[in-house]
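1. Everything below, folded, please.
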Amino acid sequence: MDEIEVIIPNLNFRYSGGTAVNRTIAPLIAKKLDAAWFGPDAPEGVARLSLLGLLRLRFQPPKRHRVRIWHARRNIEMLAGLALKWLGWRFAIIFNSAAQRRHSAYTRFLISQMDEIIATSEISASFLECPATVIHHGIDLETYKPPADRAQSFAATGLPGKYGIGVFGRVRKQKGIDLFVAAMLRLLPKYPDFTAVIIGLITADNVAFVQKLKADIAAAGLSDRIRFLGELPIEEVPAWYQRISIYVFASRVEGFGLTMLEAMAAGNAVVATRAGAAELVIEDGVTGVLAPTGDVDVLTASIEPLMQAPEKIERIGERARARVAEAFNRDREVQEIIGVYKTIWTEA
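-> Numbering: from 1, shown residues only. A predicted model of the protein is given here:
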């Protein structure tokens, strides 16, 4: 127990983007430092810390440094880390901020108590009222990679047509799912070789929202070509990036937009609204296509040229993957995060 240097808490019991990032990063940190995961959804390759084990750490000072790192990504994790620190646990607390909005007074108070802040983009950092280290998200290029044969991968799904176009993430208005569906209602009748898929959790408060979308789809006679596949096990999602050809990132508001990077790494042609880090990641017309947020007319017009000329998709996808490999790879992210840990230990 006293060997543990870093604790990665995951205190959200609903799977989210923060959980996905943690699951990606934690095993790599654990290869370089003695790290432990506290909470549900623990990935392979990192030790699990039980509640009893966490309590025991109160009486087991760290061996290598004066403090252990508690790396939080949510308010509840900041609060828990602070409570433990105030009760005598020898923790230094880091908060990873992805939000692109002014934080509430409560969140600002928690942030003010942190030992170090990491922002996932320059935009996120601009909303913080304190200094922050900017570390961009990274993607596992082995997990998210182009298929050997995309046409064959799509054909194996049994869906109609030759090509897939999709959007992944929680199914709600913030993610622009209604904009995506509206664009598909206009475009799919003109391009019979395409089928649209929507993958993600539908929460109870969004059931009516989805029912309305499904009613519109049925009224247009497109129920067989716009499919809601629901929430899938995380291990199955990378294969769906390999099956589709175009990925639509239609968010109105976003922290960073990890699915955009995943799709680019898999060689998709990405059409993204200017939310999250889209403008940071995508060079318009080169590594993807950018569109304004909340404008279904422009979003539709941005998608259509790719459906008109599918031969463009592969070239854009190749440049997109190269962009991710150069600037948004996971190993770079891990090294920079560990650099922040080392700074804290040096100062301690």
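2. Can you give me the buried ones in stretch 183-192?
-> Buried residues in stretch 183-192, defined by neighbour count with 16 or more other CB atoms under 10 Å: 183-188, 191. Placement of C-beta: from N, CA and C, glycine included.
3. So Glu304 sits against Leu188, correct?
-> No - counting by CB atoms under 8 Å, Glu304 stays clear of Leu188, with 11.0 Å between them.
4. Nearest to Glu347 among the buried residues of stretch 183-192?
-> Ala183 (50.3 Å; CB to CB).
5. Quick check: closest non-adjacent residue to the closest one.
-> Thr300 (4.3 Å; CB to CB, 6 or more residues apart in numbering).
6. Quick check: buried residues in the helix or strand where the one you found lies?
-> In this assignment (DSSP states H and E), Thr300 forms part of helix 296-308. Of the residues in helix 296-308, 296, 299-300, 302-304, 306-307 count as buried by neighbour count, 16+ other CB under 10 Å.
7. Helices of the stretch 201-348 of the chain, start to end?
-> Ranges of helices in the stretch 201-348 of the chain, per DSSP state H, counting those that start in this stretch, are 207-219, 237-243, 258-265, 278-281, 296-308, 311-327, 330-347.
8. got these as TSV, with mean pLDDT and distance to Arg225 columns?
-> Shown next, in TSV, are the helices of the stretch 201-348 of the chain (pLDDT from 0 to 100; distance: least, CB to CB, whole Å):
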stretch	mean pLDDT	distance to Arg225
helix 207-219	97	9
helix 237-243	97	15
helix 258-265	95	20
helix 278-281	93	27
helix 296-308	98	13
helix 311-327	96	18
helix 330-347	95	35
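9. Single out the most deeply packed of those.
-> helix 258-265 (a mean of 28; mean count of other CB atoms under 10 Å).
10. Quick one: list the elements packing against that helix.
-> helix 17-32, strand 163-168, helix 237-243, strand 246-249, strand 269-273, helix 278-281, helix 311-327 (3 or more CB pairs under 8 Å, 6 or more residues apart in numbering; DSSP states H and E).
11. Only C-alpha atoms, please: export stretch 339-348 in PDB.
-> The C-alpha coordinates for stretch 339-348 follow below in PDB (Å, rounded to 0.1, in the frame of the first residue of the first chain):
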ATOM      1  CA  GLY A 339       5.700  15.900 -15.800                       C
ATOM      2  CA  VAL A 340       3.100  17.700 -13.700                       C
ATOM      3  CA  TYR A 341       3.300  15.000 -11.000                       C
ATOM      4  CA  LYS A 342       7.100  15.400 -10.900                       C
ATOM      5  CA  THR A 343       6.700  19.200 -10.500                       C
ATOM      6  CA  ILE A 344       4.400  18.700  -7.500                       C
ATOM      7  CA  TRP A 345       6.800  16.200  -5.900                       C
ATOM      8  CA  THR A 346       9.700  18.500  -6.400                       C
ATOM      9  CA  GLU A 347       7.900  21.400  -4.900                       C
ATOM     10  CA  ALA A 348       6.700  19.300  -2.000                       C
END
